[in-house]
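**Q** coords please:
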Amino acid sequence: MCREALEIGSINKPPVLYRENYTQWKIRFNQYVKKQPLGLQIINSLKNGPSQTIVSQIEEGQSSPKDPINYIDKERNLVEADDLAKGLLIPNIPNDILMNIDSYETAKEL
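**A** Have a look, this model is predicted:
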């Protein structure tokens, strides 16, 4: 597949990022994501980071991570959107950029 087709993407494939086209890629990638199921939640995950760990109250003042089997639909959608955000982003970033990103613990460190 030619580079221009990869940069633009398609209905079924998000655009690929190249160093010199970040601004155009960001516009195309956001439009692609918005058209996906849970698109707005995915955009939120990309902008604000993954959702917080979902917890259950055990007793007053005590909580523990909620078992995913007990998630309500809204909680399940948040977790799924976080996973989809990574799944859409990581395969479309060149290895050299991905390795630079992977060396940081948080986005804030970038």
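**Q** going forward, measure contacts between C-alpha atoms and count neighbours the same way
**A** Will do.
**Q** low-scoring pLDDT stretches of this structure, where are they?
**A** Counting by pLDDT under 70, the chain contains low-confidence ranges at 1-8, 104-110.
**Q** Count the neighbours of residue 38 for me.
**A** Here the number of neighbours of residue 38 (other C-alpha atoms under 10 Å) works out to 18.
**Q** Sticking with the spatially closest residue to it that is not a sequence neighbour, tell me its helix or strand.
**A** Distances taken as C-alpha to C-alpha, 6 or more residues apart in numbering place residue 81 nearest to residue 38, at 6.3 Å, with adjacent residues excluded. Using DSSP states H and E, residue 81 falls within helix 73-89.
**Q** Also residue 64?
**A** Taking DSSP H and E as the criterion, residue 64 maps to strand 62-65.
**Q** do residue 96 as well
**A** Going by DSSP H and E, residue 96 is part of helix 95-102.
**Q** Pull out the buried residues from that helix.
**A** For helix 95-102, burial by neighbour count (16 or more other C-alpha atoms under 10 Å) applies to no residue.
**Q** what does stretch 40-52 give?
**A** By 16+ other C-alpha under 10 Å, the buried positions in stretch 40-52 come out as 41-46, 50.
**Q** Next: stretch 47-67.
**A** Along stretch 47-67, these residues count as buried under the neighbour rule (16+ other C-alpha under 10 Å): 50, 54.
**Q** OK, contacts around the residue minimising distance to the centre of the chain?
**A** Centroid-nearest residue in the chain, with C-alpha atoms, centre = their mean: residue 85, separated by 1.9 Å. Contacts were defined as C-alpha atoms under 8 Å, 6 or more residues apart in numbering; by that measure residue 85 touches 42-43, 45-46.
**Q** what sits against residue 32?
**A** Shown in contact with residue 32 (C-alpha under 8 Å, 6+ apart): 11, 14.
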